[in-house]
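1. model this:
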Amino acid sequence: MEAKEAGLRILTWNINGLRSFEDFAQTIRSLAADILCFQETKVTRDMLPEPLAIIPGYTSYYTFTRNSTAYSGVATYVRNSCTPIAAEDGITGYLSKTESTIGGTDLINQEFTQEEMKSLDAEGRCVITKHKINNSNTCLVLINVYCPRADPEREDRKSFKLQFYKALDIRANNLAEEGHCVIVLGDINTSHRELDHCDPYDEFPDHPGRRFLTHFLTQPHHKDADASQQSSQKSLQNKDMVDKDFDDQEENLDGWECEHVSIKSHQFHDAFRIFHREREHAFTCWNTKMNCRSTNYGTRIDYIFVSDNFKEKLSSCDIHPDILGSDHCPVSGRLDLNLEPALKPPPSCTKFYPEFQGRQLNIKDMFKTAVAAKNNSTTTTVTTQKRPHNNLTTAKDALQPNKKQKGANSGAKITAFFAPKKTQDVNINIECSVKENQILKNTNEELLMVEKTTISETVASVKKVSEGNKEAWSKLFKPPKPNPLCSGHQEECVKRRVTKKGANQGREFFCCARGEGRADDPQARCNFFKWAK
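-> All right, here's what the predicted structure looks like:
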C-alpha cells in the first residue's frame, strides 16, 4: 500500500470470510487506512473471537445476519484518532433501540412498513458511522454496505435487492439533505456501465440495478459516457412507454423507485471515475473458480460514492488488484480533512460486548462449576474410619516364623545340609540324564525337519497369493490416463463437472486450464471441450 500521507484514508474490501486470514490484525495494519470497511465477514456474533473484534489501536463496529447461516455480515474498523461519535446497525434504523443518533430516517419510515424494515436489516448488510470533522460544523457519515445479489432463479431475491437499493437511496440522500458529508462504500453488486464489465451483453443498460445507479450517480464526461447515457435514457423511455399501457403506473415501477416519497437524482459521484474516467479493464471482482483473475476477466462492483457537497474534499481514489486474499480487491480513497475523535466509542462498539468483558459465562462453564461444587461437598462429608488393630498384619509379624512349623527340623545341625549323597544314587541319575538327552536330541531333529518343510510350503503359498493379490490390486488401482491436451495451447486440460440443472448435470468434461477471458485474448482459455466419459 502507499506510504502514509496527510488527510483521511478510507478503504473498502469484500474479504469473502473474516476467518480466512491467518493474521487479520496484521492485515488491517498493512492496509494503512484510517477507516476500513469490510463486507461478507461470514460470522455470527457467537462466532466472532475477541482477538478479531478488539484490535489495539482501533475500534470496530459489526452487524451480523439474524438468519441461521453466516453468509453476509459487515464490519467497520476505525483508528482511534478517528473514533466515531455514533454508530448504527442496519440501513433503515429499525434496529436502533432508541431514536437514531445518526438521522436520515424520516422518509424511510414513510416509504416502508415496520416488517419491511425488519426484513431489510435482518441479513447484516449495513453499518453506519458518524464522525466529527475538525474545525467544521458538519459531520462525516460513512455507510458501509454489502448489497444483496439477485439470484436469477429466485424472484424474491431480485425484489429484495431493489428494495435494499431504495432504502439506501432514501437514507443517503436524506442525510446529505440534512447537511452531512456522506460516503457510501462497499460491494454494490452491480456493474454500472459497459466500461465496468468484461463482457457487456446486448441491452446491457436495460437492467433495473443499472437504472438505479444511473439515477443515484451523476453522469461522468468521458468517451463512454455519451453512449452509456443514451442507452440509459432509451431504457428509461422504453420503460415509460410500457408504463403508459397500464392504468396504474405504480404497478410497473422498478423496485428501487419510491412510491410515497420523492428523492432527488444524481446526488452522488463515483469516486474512481472522477480520477480515472477512461481507464478500461479496471475490475474489482473475478470468478476465481474459473481462474479469471489471471486474465483480468471480471467486473467492477465495489465502489466509493461521495455526496455532491463533499466532492471537492476527495483527493484520490484507486483500486488495488495486486492485494490478494479474496475474490474481490480493495478500493481506497483519500480525503483532504481530519477527524476529531470522540472521547468514548459509541455503545455498539465491540469492546463493550459483555462476552469480551468477562461478565457473561459460557454454558459449558456453568456445568463445570456445578460439577466442581458437587465434588467439593462430597469430599467434605466423607469421614475416615480406622480398621481394628487386631485385623492388621504388621511387617514384623510377617517376618516371624510360624510357631506351628517348629518341630523335627528345629534340632537339626547346619552340617547336615552339606553331607554328600550316596554314590549309587549319583550314577543312576547320570545314566538317566544321558538317555533323556539322547531322546530329546532325536526329537528336536525330527521337529526341525518338519518345521523346515512347513515353512517352505508356507512361503511358497504366501508368495503365490501375494502375486495374485498384486495383479488384482494393480487392475483395480490402475493409474488414470493423462488428461488430453487443449487444441489452442497444447497444454494439459483440467477436469470439471456440470453443476447446472439439466440432462448433463453431474457429468465430467475436460477444458483448457487457463483462465476465462476475452475472445481476442490469446492468453485466455481456448474453446477446447471434451466429455470425460
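
2. got any ranges where the stretch 301-450 of the chain has weak pLDDT?
-> Applying pLDDT under 70 to the stretch 301-450 of the chain picks out residues 359-438, 441-442, 444-445, 450.

3. one more time with 50, if that's ok
-> For the stretch 301-450 of the chain, applying pLDDT under 50 flags the ranges 360, 379-408.

4. State the helix or strand in which Glu203 lies.
-> Glu203 is part of no helix or strand, with elements assigned from DSSP states H and E.

5. can you check the one 3 residues further on too?
-> Assigning secondary structure by DSSP H and E places Asp206 outside every helix and strand.

6. and what of Val182?
-> strand 181-187.

7. Equivalent analysis for Gln26, please.
-> helix 24-31.

8. Give the other helices and strands that that helix contacts.
-> helix 50-53 (3 or more Cβ pairs under 8 Å, 6 or more residues apart in numbering; DSSP states H and E). Heads up, the C-betas are built off the backbone N, CA and C, glycines and all.

9. Check which element follows the helix it packs on along the chain.
-> Next element after helix 50-53 (DSSP H and E): strand 58-63.

10. Can you tell me the strand partners of the helix or strand following that next one and which way each runs?
-> Following strand 58-63 in sequence order, the next helix or strand is strand 74-79 (DSSP H and E). Partners of strand 74-79 in the sheet, by DSSP bridges, are strand 35-39 (antiparallel), strand 58-63 (antiparallel).

11. which residues in the protein form helices?
-> Using DSSP state H, the helices of the chain run over 24-31, 50-53, 106-111, 114-120, 155-177, 208-216, 225-243, 271-275, 363-381, 395-399, 423-476.

12. And Ile183, how close does it get to Asn309?
-> 12 Å (Cβ to Cβ, to the nearest Å).

13. Who has more neighbours out of the two?
-> Ile183 (26 against 15; other Cβ atoms under 10 Å).

14. Please name the bridge partners of the closest residue to the more buried one other than its chain neighbours.
-> Leaving aside its chain neighbours, Ile183 sits nearest to Leu142 (5.0 Å; criterion: Cβ to Cβ, 6 or more residues apart in numbering). Beta-bridge partners for Leu142, by DSSP bridges, are Thr129, Ile183.

15. sorry, back to before: thinking in terms of the whole chain, how far from its middle is the helix holding Gln26?
-> The chain centroid and the centroid of helix 24-31 are separated by 16 Å under Cα atoms, centre = their mean, to the nearest Å.

16. Buried residues of that helix, list them for me.
-> For helix 24-31, burial by neighbour count (16 or more other Cβ atoms under 10 Å) applies to Phe24, Ala25, Thr27, Ile28, Leu31.

17. would you turn the residues you listed into JSON lines with distance to Phe529 and pLDDT?
-> Putting the buried residues of helix 24-31 into JSON lines (distance: Cβ to Cβ, whole Å; pLDDT from 0 to 100) gives the following:
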{"residue": "Phe24", "distance to Phe529": "41", "pLDDT": "94"}
{"residue": "Ala25", "distance to Phe529": "46", "pLDDT": "94"}
{"residue": "Thr27", "distance to Phe529": "39", "pLDDT": "95"}
{"residue": "Ile28", "distance to Phe529": "44", "pLDDT": "96"}
{"residue": "Leu31", "distance to Phe529": "41", "pLDDT": "97"}
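
18. Next, format the residues you listed as JSON lines and append distance to Lys289.
-> Below are the buried residues of helix 24-31 laid out as JSON lines (distance: Cβ to Cβ, whole Å):
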{"residue": "Phe24", "distance to Lys289": "24"}
{"residue": "Ala25", "distance to Lys289": "29"}
{"residue": "Thr27", "distance to Lys289": "23"}
{"residue": "Ile28", "distance to Lys289": "27"}
{"residue": "Leu31", "distance to Lys289": "26"}
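
19. out of those residues, who's nearest Tyr77?
-> Taking Cβ to Cβ as the measure, Tyr77 lies nearest Ile28 of the buried residues of helix 24-31, at 5.9 Å.

20. so the closest one sits right up against Leu52, yeah?
-> No: between Ile28 and Leu52 there is no contact under Cβ atoms under 8 Å: 9.7 Å.

21. any idea how far Ser159 is from Ala150?
-> Taken as Cβ to Cβ, the span from Ala150 to Ser159 is 9 Å.

22. out of those two, which sits in the more crowded spot?
-> Remark: of Ala150 and Ser159, Ala150 carries more neighbours, 19 against 14, as counted by other Cβ under 10 Å.

23. which residues touch that one?
-> Shown in contact with Ala150 (Cβ atoms under 8 Å, 6 or more residues apart in numbering): Arg157, Lys158, Lys161, Asn189, Gly209.

24. distance of Ala32 from Arg79?
-> On the measure of Cβ to Cβ, Ala32 and Arg79 end up 10 Å apart.

25. before we move on, what about Lys501?
-> 48 Å.

26. List of residues touching stretch 160-167?
-> 91-92, 108, 111-112, 116-117, 119-120, 125, 147-150, 189, 208-209, 212, 254-258.

27. which of those residues count as buried?
-> 91-92, 108, 111-112, 116-117, 119-120, 125, 147-148, 150, 189, 208-209, 212, 254-257.

28. okay if I get the contacts of Ala150 as TSV plus distance to Phe352 and pLDDT?
-> Below are the contacts of Ala150 laid out as TSV (distance: Cβ to Cβ, whole Å; pLDDT from 0 to 100):
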residue	distance to Phe352	pLDDT
Arg157	34	91
Lys158	38	93
Lys161	33	96
Asn189	31	97
Gly209	37	95
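
29. what's the closest of the residues you listed to Thr41?
-> Asn189 (15.9 Å).

30. mind listing what that closest one touches?
-> Cys147, Pro148, Arg149, Ala150, Lys161, Gly209, Ile301.

31. Quick check: which ranges of the stretch 101-250 of the chain have low pLDDT?
-> 222, 235-250.

32. Bridged to the closest residue to Gln39 other than its chain neighbours, which residues?
-> Excluding the flanking residues, the one nearest Gln39 by Cβ to Cβ, 6+ apart is Tyr146, at 3.7 Å. Beta-bridge partners of Tyr146, counted by DSSP bridges, are Asp187.

33. List phi and psi for the nearest residue to Gly103 once chain neighbours are set aside.
-> Closest residue to Gly103 apart from its sequence neighbours, by Cβ to Cβ, 6+ apart: Glu178 at 5.7 Å. Dihedral angles of Glu178 (phi, psi; degrees, to the nearest 10) stand at phi -80, psi 0.
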